[in-house]
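Trainee: Dropping the sequence and predicted coords here.
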Amino acid sequence: MKKITLLLISVLFTNCVDIDVKSGDDAKNHLESSSSMPFFKTGDLMTNISEDPMGNILDYPDSNAAVTSQVKVWESGFKSPWHYHPYSGPAYILQGELTVNYDTETSIDDSGTEKKITKTQTFKKGEAFLGIPNTWHVSENRGSEDLIFMIHWLGEKDKPVAFLEEK
């Protein structure tokens, strides 16, 4: 099963970027300067990150741990419904800007309660962060170009990674 997962992740990353094969400095300059593709540099995206942007400590599930990896492509003007994620996970912005509006006051148990924005964060191309668990939020692409980002939820096997607000 691990081999299949690694193969799928490899295929995902291989198919995300279509570039001419180059070598040495030519390849590095092409990857770092091309405006028609995501921005990549060699190096760590995150190192020893143990809390999310709101200060929550990273916590793994007690049993049946599973990773769900997603690539999202949102057109300019896209806005999600109110929702929350029960898990955290590393995210990386490949293109555009992701704006997240949080309601830090409403309990996740209050699905039908009217939400209000109490904090806003914007993550830009090339930035990595941990997704914030158990906090109502609306995510959106306020920019003029498509937003492309990856997120890898550190969740539980056969459990959903997001819950939408019930109206």
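Mentor: Everything's here; your move.
Trainee: Got phi/psi on the closest residue to V73 other than its chain neighbours?
Mentor: Using C-beta to C-beta, 6 or more residues apart in numbering and skipping residues adjacent in sequence, the residue nearest V73 is I148, 5.2 Å away. In short, each C-beta sits where N, CA and C put it, glycine included. The phi/psi pair for I148 (degrees, to the nearest 10) reads phi -130, psi 120.
Trainee: From D110, how far off is I148?
Mentor: Distance of I148 to D110, given as C-beta to C-beta, to the nearest Å: 32 Å.
Trainee: If you count surrounding residues, which of those two has more?
Mentor: Ranked by neighbour count (other C-beta atoms under 10 Å), I148 and D110 place I148 first, with 20 against 13.
Trainee: The residue nearest to V73 contacts Q70, doesn't it?
Mentor: No: between I148 and Q70 there is no contact under C-beta atoms under 8 Å: 11.4 Å.
Trainee: residues contacting K124?
Mentor: 93, 97 (C-beta atoms under 8 Å, 6 or more residues apart in numbering).
Trainee: Check what pLDDT it gets.
Mentor: pLDDT recorded at K124 is 97.
Trainee: what sits opposite it in the beta ladder?
Mentor: E97 (DSSP bridges).
Trainee: so E114, which of the three states?
Mentor: Three-state call for E114 (DSSP: H, G, I helix; E, B strand; the rest coil): coil.
Trainee: can you give me the end-to-end distance of stretch 105-124?
Mentor: 26 Å (C-alpha to C-alpha, to the nearest Å).
Trainee: Show me what counts as buried in that stretch.
Mentor: By neighbour count, with 16 or more other C-beta atoms under 10 Å as the criterion, the buried positions of stretch 105-124 are 106, 108, 111, 115, 123.
Trainee: and the closest residue to the third one other than its chain neighbours, how many residues sit next to it?
Mentor: Put plainly, it is S111. Nearest residue to S111, sequence neighbours excluded (C-beta to C-beta, 6+ apart): E166, at 4.3 Å. Neighbour count of E166, defined by other C-beta under 10 Å: 7.
Trainee: E166 and G112 touch, don't they?
Mentor: Yes: between E166 and G112 there is a contact at 5.8 Å, judged by C-beta under 8 Å.
Trainee: Give me the spatial nearest neighbour of A128, chain neighbours excluded.
Mentor: In space, A128 is closest to L45, 4.1 Å off (C-beta to C-beta, 6+ apart).
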